[in-house]
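A.B. asks: I'll drop the sequence and a predicted model, then ask my questions.
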Amino acid sequence: MLDRIAVSAREAGRSPDDVTLVAVSKQQSDEKIDAMLAAGQRVFGENRVQEAMGRWIPRREGVELRLIGPLQTNKVREAVALFDVIETVDREKLAEALAREMARSETAVRLYVQVNTGLEPQKAGVAPGEVDGFVAYCRDLGLSVEGLMCIPPEHEPADRHFAMLAEIAARNGLHRLSMGMSGDYETAVRQGATSVRVGSALFGARG
Ligand SMILES: *Cc1c(COP(=O)(O)O)cnc(C)c1O
C-alpha cells in the first residue's frame, strides 16, 4: 500500500512523505488492528464516535486518530476528547459547538471541512458553492481549518471530484486534502491528496 502511494506521488512529481495513509479501522477486528499497530501504522480513521472510543481508548498512546464520519453536536465533547483530527465539519451549529468545546477543554483538534462535491442529498458535506463562506465563518469563530475532505459519488469517476476539491482548497488558502479510498487512492494521490483513507484494501472486508 505505501509502495503504491509512493509510486503515485512520484508520478505526480510529489514526495511520498507528503501523503499520509489513514488506516480506516471501523468494523475491523481487534486482531487486525493490533497487527496493523505492530506493523508500524500509526494513523487511523473511524466513522463513529462511540465505536471508536471502545476500540481506541485502550490503544490510544502514540496513535493519531481521525474522525471521518458525521458528527452530531451532542457527541462533540467526546469527539474533542478522543480525536486528533475531525474531518467532517459541515455546518455552522457544529462549528460553533466545536469552538465552544475546544475553548472549554483547552484542546486543539485539527479540523477539515467536508465538501459534498457530488451534491448528493443523502451525503453530508457543504455544497461546493458554499465552502468559501463556511470556511470564513469557521475562521471568524477562531477555528483553524486545516483542509478539505470529500467522498465522491460511488458510481462516477472520482477524478473530477478530486480536482474540484483541490481547486476549492487552493482558493481558500488550504493545503491539506483528505481524498481517496480503497478504490481510488492512487488517483487521489496523483491529484494532490495529502491523506488517503483506506479501509478494505488494507484490512480486508469489514465484519
Ligand atoms: C469507510 C470509509 C472509508 C474507507 O473505505 P474503503 O472503501 O474501505 O477504503 C473512507 N472514508 C470514509 C469517509 C469512510 O466512511
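C.D. replies: Here it is on my side, so go on. Since the structure is predicted, the reported quantities are computational estimates derived from the model, not experimental observations.
A.B. asks: Kindly provide the distance from residue 5 to the ligand.
C.D. replies: Separation of residue 5 from the ligand (C-beta to the nearest ligand atom, to the nearest Å): 13 Å. In this view, the C-beta of every residue, glycine as well, is placed from N, C-alpha and C.
A.B. asks: and that residue, what is it in contact with?
C.D. replies: 16, 19, 21, 185-186, 189, 196 (C-beta atoms under 8 Å, 6 or more residues apart in numbering).
A.B. asks: how about the helices in the protein?
C.D. replies: Taking DSSP state H, the helices of the chain run over residues 2-11, 30-38, 49-56, 76-82, 92-105, 131-140, 159-171, 185-190, 200-203.
A.B. asks: Buried deepest among those helices, which one?
C.D. replies: Most buried of the helices of the chain, by mean neighbour count (mean count of other C-beta atoms under 10 Å): helix 185-190, with a mean of 23.
A.B. asks: Contacts for that one, please.
C.D. replies: 4-5, 7-9, 11-12, 14, 19, 158-159, 162, 177, 179-180, 193, 196, 198, 201.
A.B. asks: can you check stretch 54-71 too?
C.D. replies: Residues from elsewhere that reach stretch 54-71 (C-beta under 8 Å, 6+ apart): 22, 24-26, 30, 33-34, 37, 42-49, 52, 79, 82-90, 94, 124, 149, 178, 197.
A.B. asks: And stretch 165-176, by the same measure?
C.D. replies: So stretch 165-176 is contacted by 112, 115, 117, 128, 131-132, 135, 145-150, 177, 179, 191-192, 194-195 (C-beta under 8 Å, 6+ apart).
A.B. asks: The same query, at a cut-off of 6 Å, please.
C.D. replies: Contact with stretch 165-176 is made by 115, 131, 135, 146-148, 150, 177, 179, 192, 194, as judged by C-beta atoms under 6 Å, 6 or more residues apart in numbering.
A.B. asks: neighbour-wise, which of the residues you listed leads?
C.D. replies: residue 179 (30 neighbours; other C-beta atoms under 10 Å).
A.B. asks: one step back: what about burial for the contacts of stretch 54-71, which qualify?
C.D. replies: 22, 24-26, 33, 37, 43-49, 52, 79, 82-83, 85-90, 94, 149, 178, 197 (16 or more other C-beta atoms under 10 Å).
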